[in-house]
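Engineer: here you go, sequence then predicted model.
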Amino acid sequence: MIRKLEKAPRIPNRLVDQLTGSSSSIGANYAEACNGVSRMDFRNKIYIAKKEAAETRFWLDLCMEVQPKDDEWVRLRQEAHELLIILQAIVNA
């Protein structure tokens, strides 16, 4: 979908960069959390991953506004939302 965005007219590079960064950061922070040195370190990294999931959902919302209707954007937004809920449950545990 990023490649599709990059080729689309009227899509600012900033939007593409932000979506790429925030979405890849979710997994990177989760991986860091799994190797945390303490329970607090684990929780902090999970919290950062949660914030990145929320940011990704925001950028996906913008993509859906500037792109023609595409079910793939809706699916990706739903997946970001589900990750957000899962990560919040981990933070709350």
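Structural biologist: Cool, got the structure.
Engineer: let me see the ranges of the helices in this structure.
Structural biologist: 2-7, 13-34, 39-66, 71-92 (DSSP state H).
Engineer: give me whichever of those helices is most buried.
Structural biologist: helix 39-66 (a mean of 18; mean count of other CB atoms under 10 Å). No exception for glycine: its C-beta is placed from N, CA and C like everyone else's.
Engineer: what's the angle between that helix and helix 71-92?
Structural biologist: Angle, helix 39-66 to helix 71-92, by axes from the mean of the first three to the mean of the last three CA atoms, to 10 degrees: 160 degrees.
Engineer: give me the angle between helix 39-66 and helix 13-34.
Structural biologist: On the basis of the same axes, to 10 degrees, helix 39-66 is oriented at 160 degrees to helix 13-34.
Engineer: still on that earlier bit, can you put the helices of the chain in a markdown table and add mean pLDDT?
Structural biologist: Below are the helices of the chain laid out as a markdown table (pLDDT from 0 to 100):
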| stretch | mean pLDDT |
| --- | --- |
| helix 2-7 | 84 |
| helix 13-34 | 94 |
| helix 39-66 | 93 |
| helix 71-92 | 93 |
